[in-house]
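Novice: okay, structure incoming, though there's no sequence with it:
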């Protein structure tokens, strides 16, 4: 099935460091979403972006909707141990019923 | 928590059997989407239900079918189970199409096919 290109695949960082991950697509999207998933749980919505160029923050998280509408990035500042998990980007085209997901970025934070 | 609930939490079946998974949507949401998440992968769209009818389908065979009830809850049915059907099955609720809106996920049902 269709998937977005999400990178990096995994990250190992020290507590307090900043993190950046991104997502690219060959198709344009009208909505970009970032989710976090803990083991055995469903994805939890972190940030939703609805407009090209939009920059949105949620606490220590900041995400941007790329100008070309084909990419998005997520930054986490001053990481803490509870940031550990898998981060997924997802794109949605207006009027489409489905979300298209990346393969995820697995984040490990060393105390 | 999102308010989206799923049952059962875990399920073990054997090849050839049939399974039914259930989902209750978040209050105020009348659209339910189902996704399959294989180990190490992102979720893959199966189908969406709105007004008790299928409203879009991903690349899944007809043995994957669903229902939506008047209270907006939904079922996913899989017939003739195959080993590759082992996955986490997620449902997500949202407001009706075609509004560009966010989908909120439940905790998932872990299906193991032996």
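Specialist: On my side now, so go ahead. Source: prediction; values computed, not measured. Numbering: from 1, shown residues only, chains lettered A, B, ... in the order given.
Novice: tally of neighbours for the closest residue to residue A:80 other than its chain neighbours?
Specialist: Leaving out its chain neighbours, the residue that sits closest to residue A:80 by CB to CB, 6 or more residues apart in numbering or on different chains is residue A:15, at 6.2 Å. The way it works is simple: take the backbone N, C-alpha and C, and place the C-beta from them, glycine included. By the criterion of other CB atoms under 10 Å in any protein chain shown, residue A:15 has 12 neighbours.
Novice: isn't residue A:84 up against residue A:110?
Specialist: No: in this structure residue A:84 lies outside contact range of residue A:110 using CB atoms under 8 Å: 9.7 Å.
Novice: more crowded one of the two?
Specialist: residue A:84 (15 against 11).
Novice: so what's that one up against?
Specialist: For residue A:84, the contact set (CB atoms under 8 Å, 6 or more residues apart in numbering or on different chains) comprises A:107-109.
Novice: can you say which of those residues are buried?
Specialist: A:107, A:109 (16 or more other CB atoms under 10 Å in any protein chain shown).
Novice: okay, the contacts of residue A:84 in CSV with pLDDT next?
Specialist: Formatted as CSV, the contacts of residue A:84 follow (pLDDT from 0 to 100):
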residue, pLDDT
A:107, 97
A:108, 97
A:109, 96
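Novice: any idea which residue sits dead centre in chain B?
Specialist: residue B:34 (3.0 Å; CA atoms, centre = their mean).
Novice: now that residue: how far from residue B:4?
Specialist: Per CB to CB, to the nearest Å, residue B:34 is found 12 Å from residue B:4.
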